[in-house]
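Chemist: Everything below, folded, please.
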Amino acid sequence: MTLVRTVAVMANNVVHFAIHADDVERARRFYEAVFAWRFQAWGPPGFYNVDTCDADQPGIHGALHERAEQLAGSGMRGFTCTVAVDDLAATRERVLANGGSVQHPEMTIPTVGTHIGFLDTEGNEFAVMVYERPMFGA
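Modeler: Numbers count the residues shown, from 1 in each chain. A predicted model of the protein is given here:
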């Protein structure tokens, strides 16, 4: 008998991260060796979906891709977390009302959902998404 665990997840949980890399293959090898994460090519060249766990221990879903700009003393360092929300417009209003700013305008990712990228009051990047269907724990 196979036991399938269903996890109820509320809106506003972090459900996705993105690792920005100068050398995607080097970064992939690093995370495979350090955490035993699994990578699956998806979408454009140099883009991977990241599985951090397995079916018995659902984990956060991620992506690994090339940086938009090579680092030259400044730029994105770290992971971009995506928070599942129920209402993009209301979330955008709250972000702006509390000192945040839009980093990337609303865009739809086919079969996934609609996404907005923001900067918080400290200049940290994060994203929110209304998912089209339950996925990645959302």
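
Chemist: pull the longest helix from the chain.
Modeler: For the chain, the helix that runs over the most residues, judged by DSSP state H, is helix 24-35.

Chemist: May I see the buried residues of it?
Modeler: Val24, Ala27, Arg28, Tyr31 (16 or more other Cβ atoms under 10 Å). In short, each C-beta sits where N, CA and C put it, glycine included.

Chemist: and what of stretch 59-78?
Modeler: For stretch 59-78, a neighbour-count test (16+ other Cβ under 10 Å) marks Ile60, His61, Gly62, Ala63, Leu64, His65, Glu66 as buried.

Chemist: Backbone dihedrals for the last one, please?
Modeler: This points to Glu66. For Glu66, the backbone dihedrals (degrees, to the nearest 10) come out as phi -70, psi 140.

Chemist: right, and the helix or strand after the longest helix of the chain?
Modeler: strand 38-41 (DSSP states H and E).

Chemist: and that next one, what does it pack onto?
Modeler: In terms of contacts (3 or more Cβ pairs under 8 Å, 6 or more residues apart in numbering; DSSP states H and E), strand 38-41 is packed against helix 24-35, strand 48-51.

Chemist: who touches the nearest residue to Phe79 once chain neighbours are set aside in this structure?
Modeler: Counting by Cβ to Cβ, 6 or more residues apart in numbering, the nearest residue to Phe79 once its immediate chain neighbours are dropped is Phe17, at 4.3 Å. With Cβ atoms under 8 Å, 6 or more residues apart in numbering as the criterion, the residues that contact Phe17 are Val50, Ile60, His61, Gly62, Ala63, Phe79, Thr80, Cys81, Thr82.

Chemist: likewise Glu25?
Modeler: Neighbour list for Glu25: empty [criterion: Cβ under 8 Å, 6+ apart].

Chemist: remind me which residues of the protein are low pLDDT?
Modeler: Low-confidence segments of the chain, defined by pLDDT under 70, span residues 1-10, 74-76, 135-138.

Chemist: which stretches of it form helices?
Modeler: Along the chain, the segments classed as helices by DSSP H run 24-35, 88-97.
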